[in-house]
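Asker: Turn this into a structure:
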Amino acid sequence: MNKKLLLAFAIALTSFSVAAQVEVHKGLKWDAGTGLLLEENAKSVRASRSTSADSTLGRFIVTVTDTEAALDSIAILGGEARRINDRIVTARIPYSKIEAVAALQSVKYIEAAHKVYPTLDNARKSTRADSVQAGIELETPYTGEGVIVAVIDIGFQYDHRAFLDDEGNSRVLAVWNRYAGDEEPTTTIPSGHDNYPGTAGHGTHVAGIAAGSVVSGNDYSGMASGADIVMVSSSLSNDEILEDAQWIKEFADEEGKPWVVNMSFSSNQGPHDGTTTYDQTMNSICGAGGLFVAAMGNKATYDLHVAHTFEAAGDSVYLLFSNTPSAGFSRIDLWGMAADGEQHLNVEFVVYNAETKTFRTVPTSPKVWSISGEINANNQKEHYVIRAYPDTLATLLGTEKDSIYAGVKITSKEASAGFHAWSETYYGAFVAVDGYGLEGDGEYSVGQSGAGIPRAIGVGAYASRQEYTSFSGGTETDTYQTGLGGIAVFSCHGPSLGDDMKPTVMAPGVNVISSLNRYSTATKLDGLSKDGKEVVAAVDDDGNALDYASASVETSHFYGAYSGTSMATPVVSGILALWLQANPTLTPEDVVEIISKTAIRDEYTGGVQGDWTPTTGYGKIDAYAGLKMALEKLAASNHDLTMPATQPVTLKKGADKWRILFNVAEEYVRVSLYSLANGEVSRTTLDEVSPGDETVIDLNAYIPGVYIIKIVTPNATVTRKVVVSH
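Answerer: Numbering: from 1, shown residues only. Down below sits the predicted model:
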């Protein structure tokens, strides 16, 4: 900030004593996020009158009445727009032209897009899981064949062995490298990687968990190892994600295949009630044979949420923001609880000085602090977006940054009014200082732009392994988990403020091992090091295991462990691909019903089957029980099994009993158990078997020893060895 501006503010501070309450706008054609952008950017754009400033583009989701007219008009005004459907376009608009776009007859409403971030738990050491199927005990002929698993993410190694079939051909059907600026997707799969910096191994790891191939050198295959794969390297702005999802649906429809989109990312920005234009448009994209699976987020241990309900009119509370945000500024999203189109709160910007124990006010100015308020057009709640720059504030106030805390004073206009507010890790937490400021918590933190989509399956994480041996021989222990099977401490909590129940389900998300991007990992930007603590194994181009000495960071394919709801999410995506192979007609509502009736409640989740809680959803996903119910739904619907399994049965093997699930209709089935010492010891014959029917072999009825289970149908014979050891 220049000296003249500092002097102007110094003069203003000497005379400014009363804070102006924020004006809450009604009936505007843009939301509070756009209003803040106008306040912070439009003035400087107009003042500079430069070509570069005038061409600076913001990202928006625009509701329109006439798609073609809106596309043409936005282009004429210097913007870029893309059609999503008959009433929604995404747009890049110069800040100086936002008001002109809003004035268009074809434009109803403009919402500022926002970034989402991968939900990899970088702060924790990741350890090994024997496989992503740990704890599922499912031997299934369903591999996801004929189903598209699409991953919107960052950091793909396209030619990793995990994405090749047995003949070395790519299982990836299409890629869209939006980071590289590709205007359109391609079915010509490139070699190498997408060149994404930052947490640039994220997409490779996630895609491997969901759909990594079976290789001979390890058992780290994905849940749907036979599925087709689509990779989208996204900027992770939610307007672009909307474009990505719409294209994936159109591509899958052209291929004639059901699909599931994995979204291992989240944000805290939004109303958390599923009412945004983004949420509702994404809702319209998924449906029968098309599913979204999304991460809850990893912010449960951070103080990024506050809520308060006032007891009387005139009561006030303060929200104080961390004075060391990693982004360089604080940004708070505050939403009133009432959805009646009225203002119930007065919001004022304040600064608390911890040395003098006093509050003072500061005149508003871009790059110092800004607030934009509205009655939101989608949910009729009052909404405020607050931004503050602690370094600039400290300079203007002539004090050390460590002693001041930017914040807001919120006063109720009547009893029972209330609000929720959220921040992000990089914007800083809510803090309490000297008895002022509401303390933050980790509640009501359903990941926005992902799990917050009402019809998306929201996934939390539980611990699947505690210790592992790294590739270089070291023993690594995860000190953050409370015990094997326990709920991950970082896994975000619900509930949603809408009608949807989030999280939906829990899955293994601690210590999950999968493919690594050798060009850039989540902890190293300039290429993988085989000495990295996260690295567990390597294979050659044919999938054969390599020892440490033989592995090369230039040519080998690596596997390693990370933790986060990012890892739990593709476990569920892959399982749902299996269910879609069994029943391609499943809707999001079908999946929620199946999960609610089959998920496991145990000592860590509490409750009984069918219960839902805001920390563990309906419980831990059960791939087998869900597959059984998916088949039963298919049989009840009288649809043909369009993608039959390669074998007639699916097996769930337990220590006390084996469950045999029938995948297809059979005229008869004979199930025999043979003892190596005594021959056939039991036989069960079943007639007119339907998909989803099940029979159980109780191993407690037999003496310890080695047995053979033989399942005979008119078209196939399946044999398996079973050891009874009780």
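Asker: which residues in the stretch 201-350 of the chain form helices?
Answerer: 202-211, 238-255, 277-285 (DSSP state H, counting those that start in this stretch).
Asker: Throw those helices into TSV and include mean neighbour count, mean pLDDT and distance to residue 298, thanks.
Answerer: To be clear about C-beta, it is placed using only N, CA and C from the backbone, and glycine gets the same treatment. Formatted as TSV, those follow (neighbours: other C-beta atoms under 10 Å; pLDDT from 0 to 100; distance: least, C-beta to C-beta, whole Å):
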stretch	mean neighbour count	mean pLDDT	distance to residue 298
helix 202-211	33	95	13
helix 238-255	20	96	18
helix 277-285	21	97	21
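Asker: Same list (these) but as TSV, adding distance to residue 410.
Answerer: Formatted as TSV, the helices of the stretch 201-350 of the chain follow (distance: least, C-beta to C-beta, whole Å):
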stretch	distance to residue 410
helix 202-211	37
helix 238-255	27
helix 277-285	26
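Asker: low-confidence ranges in the chain?
Answerer: 1-21, 42-55, 120-138, 140, 197-200, 478-482, 521-526, 638-646 (pLDDT under 70).
Asker: Nearest residue to the middle of it?
Answerer: residue 295 (2.9 Å; C-alpha atoms, centre = their mean).
Asker: hmm, back to that, among the helices of the stretch 201-350 of the chain, which is nearest residue 191?
Answerer: Proximity to residue 191 (C-beta to C-beta) singles out helix 202-211 among the helices of the stretch 201-350 of the chain, at 13.9 Å.
Asker: For this protein, which segments count as helices?
Answerer: For the chain, helices defined by DSSP state H occupy the ranges 3-15, 32-37, 43-48, 51-54, 67-76, 98-102, 202-211, 238-255, 277-285, 390-397, 565-582, 588-598, 623-637.
Asker: shouldn't residue 422 be in contact with residue 272?
Answerer: Yes. With contact defined as C-beta atoms under 8 Å, residue 422 counts as touching residue 272 (7.4 Å).
Asker: where do the contact lists of these two overlap?
Answerer: Jointly contacting residue 422 and residue 272 under the rule C-beta atoms under 8 Å, 6 or more residues apart in numbering are 444-445.
Asker: quick revisit: out of the helices of the stretch 201-350 of the chain, flag the one nearest residue 396.
Answerer: That would be helix 238-255 among those, by C-beta to C-beta, at 33.6 Å.
Asker: Specify the angle between the closest one and helix 277-285 in degrees.
Answerer: 10 degrees (axes from the mean of the first three to the mean of the last three C-alpha atoms, to 10 degrees).
Asker: Of all the helices of the stretch 201-350 of the chain, which one comes closest to residue 378?
Answerer: Among those, helix 277-285 comes nearest to residue 378, with 6.6 Å by C-beta to C-beta.
Asker: Setting aside sequence neighbours, what's the nearest residue to residue 415?
Answerer: Closest residue in space to residue 415, ignoring its immediate chain neighbours: residue 312 at 5.1 Å, by C-beta to C-beta, 6 or more residues apart in numbering.
Asker: just checking, that neighbour touches residue 411?
Answerer: No. Between residue 312 and residue 411 there is no contact under C-beta under 8 Å: 10.9 Å.
Asker: So those two - more neighbours on which side?
Answerer: Legend: neighbour count by other C-beta atoms under 10 Å for residue 312 and residue 411, higher for residue 411 (16 against 10).
Asker: Show me what the more buried one is bridged to.
Answerer: residue 316, residue 346 (DSSP bridges).
Asker: quick one, what contacts it?
Answerer: Here residue 411 is in contact with 314-316, 345-346, 348 (C-beta under 8 Å, 6+ apart).
Asker: separation between residue 604 and residue 450?
Answerer: In this structure, residue 604 and residue 450 are 24 Å apart, going by C-beta to C-beta, to the nearest Å.
Asker: more neighbours, those two?
Answerer: Set side by side, residue 604 and residue 450 show more neighbours around residue 450, with 30 against 18, by other C-beta under 10 Å.
Asker: Now for that one: which residues touch it?
Answerer: Contacts for residue 450 (C-beta under 8 Å, 6+ apart) come out as 116, 263-267, 294-295, 297, 456, 458.
Asker: Name the nearest residue to it, ignoring sequence neighbours.
Answerer: residue 294 (3.3 Å).
Asker: With distance to residue 360 as added columns, please give the helices of the chain in CSV.
Answerer: CSV is the format used below for these (distance: least, C-beta to C-beta, whole Å):
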stretch, distance to residue 360
helix 3-15, 8
helix 32-37, 23
helix 43-48, 24
helix 51-54, 33
helix 67-76, 43
helix 98-102, 33
helix 202-211, 43
helix 238-255, 37
helix 277-285, 38
helix 390-397, 8
helix 565-582, 41
helix 588-598, 50
helix 623-637, 58
